[in-house]
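[1] below is the sequence, then the predicted model.
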Amino acid sequence: MLTDGEEAEFFDFHAKTSPILFRKAYRMCDGHEADAHDMLQVTYLKALKHWPTLSGLADSQRHNWLMTTLSREVMQMWRAPRRSREAAPHGSDGPEPASADNASVIDHRDRLRQACQAIAAMDGKPAEVMALHCLAGYEIAEVAEILGMKPGTVRVHLHTARTRLRVTMAGQEGGECDDA
């Protein structure tokens, strides 16, 4: 049970960080708003559970904890077999019908969905690095700080993940992001 002061501190932290974390979750969930909200809720419930420990950390360390927890939760979601529905971006009623005009958009979504599932199927740090860098959009230095490793190590894990992704996607270009 949290004291009134701890509870107020948690809700201030939540208010300050949730818009940024939601945008990251939305990107990582392939535009599924409901999934992004679910991942955000699970992440903040875990933060609330660990708040006595987290409250003693600096804001940057709390943010790193949130991002690591969020990326792990999203990876678990992508591993789950329930991911069979089409991507439905915010405000749409479902997948767009196929036409000559939007065929490339649908193809891109399918490739992104396949890449996300392939990343989720990977084990270890390469998957975490790929999720944080390519899906959440963090720079290499930021991923290094979040995961507590050197930028060179992040680059090695990213290279490993990209190689695995290319193999998994049967020779297709696996780089949803191409910077290193």
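    Received, thanks.
[2] out of everything not next to it in sequence, what's closest to F10?
    Sequence neighbours aside, W51 is the residue nearest to F10 in space, at 5.2 Å (criterion: CB to CB, 6 or more residues apart in numbering). Placement of C-beta: from N, CA and C, glycine included.
[3] and the one you found, what does it touch?
    By CB atoms under 8 Å, 6 or more residues apart in numbering, the contact set of W51 is L2, E6, F10.
[4] where's the dip in pLDDT among those residues?
    The lowest pLDDT within these belongs to L2, which sits at 74.
[5] tell me the buried residues in the longest helix that the chain contains?
    Longest helix in the chain, counting residues (DSSP state H): helix 4-28. Neighbour counts over helix 4-28 (16 or more other CB atoms under 10 Å) mark F10, F13, T17, L21, F22, K24, A25, Y26, M28 as buried.
[6] residues in contact with it?
    Outside helix 4-28, the residues that touch it by CB under 8 Å, 6+ apart are 2, 32-33, 35-37, 39-40, 43-44, 47-48, 51-52, 55, 59, 62-63, 66-67, 70-71, 74, 90, 116, 131, 135-137.
[7] ok, now how distant is the residue nearest to F10 from A25?
    Distance of W51 to A25, computed by CB to CB, to the nearest Å: 20 Å.
[8] and H159, by the same measure?
    For H159 relative to A25 (CB to CB), the value is 26 Å.
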